[in-house]
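Q: Turn this into a model:
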Amino acid sequence: MTDVITIDGPAGSGKSTVSRLLAKKINCLYLDTGAMYRAVALAASRKGISFSDGKRLGELCRSLELYFTTDADPPRLFLGKEDISVPIRTPDMDMLSSEVSAVKEVREAMMELQRKMARGISIVAEGRDMGTVVFPEARHKFFLTASPEVRAERRYKEMVGRGESVSKEIVEAKLRKRDHQDKTRLLAPLKPATSAKLIDSTKLTPDEIVRDILKDLKKRNA
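A: Alright, predicted model coming up:
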């Protein structure tokens, strides 16, 4: 591990946009770990593997050929030769990825892959347990949050922008359910690392957050 910046937080906190912008600013790899769990959920669903079958899910994870391409913004995620960037971003995948990420064998396999991807390079790793579990020794850790209403509004606009037909009420209800699943799971629950800087993004733009992070990085590296 050369240098890792971790950015964790719940859905709709802005961590994906911020992580992507930050990685571009400092010219390093953006690692979207949430997309990786969505890919596992998609692959397991297609193969009809029960989410209670940890052994088969672990085997599936280790057989997946997952990789990101950086020639587009945001980066595209491929499963073998298939671009799965769009199919993994459905409301169903929101819930299923949270469910599958609570499986011990899945987290172990994904953690192994994520650490492998970070070996020897500098990265911005975005997810829910990057600073607490996957990269506990990372020098720079941040945790983004925002009010549930603002996060739901962001997620709603994102989904409408993709052409999905949804209601704000359903989006908010699913987001609150996802929050509960992520925070209460026994394995790697969503929480800030003790050394993470907390950033409330409710009233901040992604560019403002990135500027704040860059100032903090400059200070720490001085």
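
Q: Correct me if wrong: residue 22 contacts residue 7.
A: Yes - using C-beta atoms under 8 Å, residue 22 makes contact with residue 7 at a distance of 7.5 Å. Just so you know, the C-beta spots here come from the backbone N, C-alpha and C atoms, and that holds for glycine as well.

Q: overlap in contacts of the two?
A: residue 124 (C-beta atoms under 8 Å, 6 or more residues apart in numbering).

Q: Looking at these two, which has the bigger crowd around it?
A: residue 7 (29 against 23; other C-beta atoms under 10 Å).

Q: Can you classify that one as helix, strand or coil?
A: Secondary structure for residue 7, judged by DSSP: H, G, I helix; E, B strand; the rest coil, is strand.

Q: so it touches residue 123, yeah?
A: No - here residue 7 does not reach residue 123: they are 10.7 Å apart, not a contact under C-beta under 8 Å.

Q: what touches both of the two?
A: Listed as contacting both residue 7 and residue 123 by C-beta under 8 Å, 6+ apart is no residue at all.

Q: isn't there a helix covering residue 144?
A: No - going by three-state DSSP, the assignment for residue 144 is strand, not a helix.

Q: and it, what is it in contact with?
A: Each residue near residue 144 by C-beta under 8 Å, 6+ apart is listed here: 7, 8, 9, 13, 14, 15, 18, 199, 201, 209.

Q: okay, these in CSV with distance to residue 71 next?
A: Supplementary listing: the contacts of residue 144 in CSV, determined by distance: C-beta to C-beta, whole Å:
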residue, distance to residue 71
7, 23
8, 27
9, 27
13, 27
14, 24
15, 23
18, 21
199, 30
201, 28
209, 25
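
Q: Now, the residues you listed that are in helices?
A: The members of the contacts of residue 144 that map onto helices under DSSP state H are 15, 18, 209.

Q: all strands of the protein, in order?
A: 3-8, 29-32, 66-69, 76-79, 82-83, 122-127, 140-145, 197-200 (DSSP state E).

Q: I'd like to know which elements the fourth one is packed against.
A: The one in question is strand 76-79. With contacts taken as 3 or more C-beta pairs under 8 Å, 6 or more residues apart in numbering; DSSP states H and E, strand 76-79 sits against helix 33-47, strand 66-69.

Q: Deepest-packed of the ones you listed, please.
A: Most buried of these, by mean neighbour count (mean count of other C-beta atoms under 10 Å): helix 33-47, with a mean of 21.

Q: Reformat the strands of the chain as TSV; add distance to residue 114 and mean pLDDT.
A: Converted to TSV, those look like this (distance: least, C-beta to C-beta, whole Å; pLDDT from 0 to 100):
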stretch	distance to residue 114	mean pLDDT
strand 3-8	10	95
strand 29-32	7	92
strand 66-69	10	90
strand 76-79	13	93
strand 82-83	20	96
strand 122-127	7	94
strand 140-145	15	96
strand 197-200	21	97
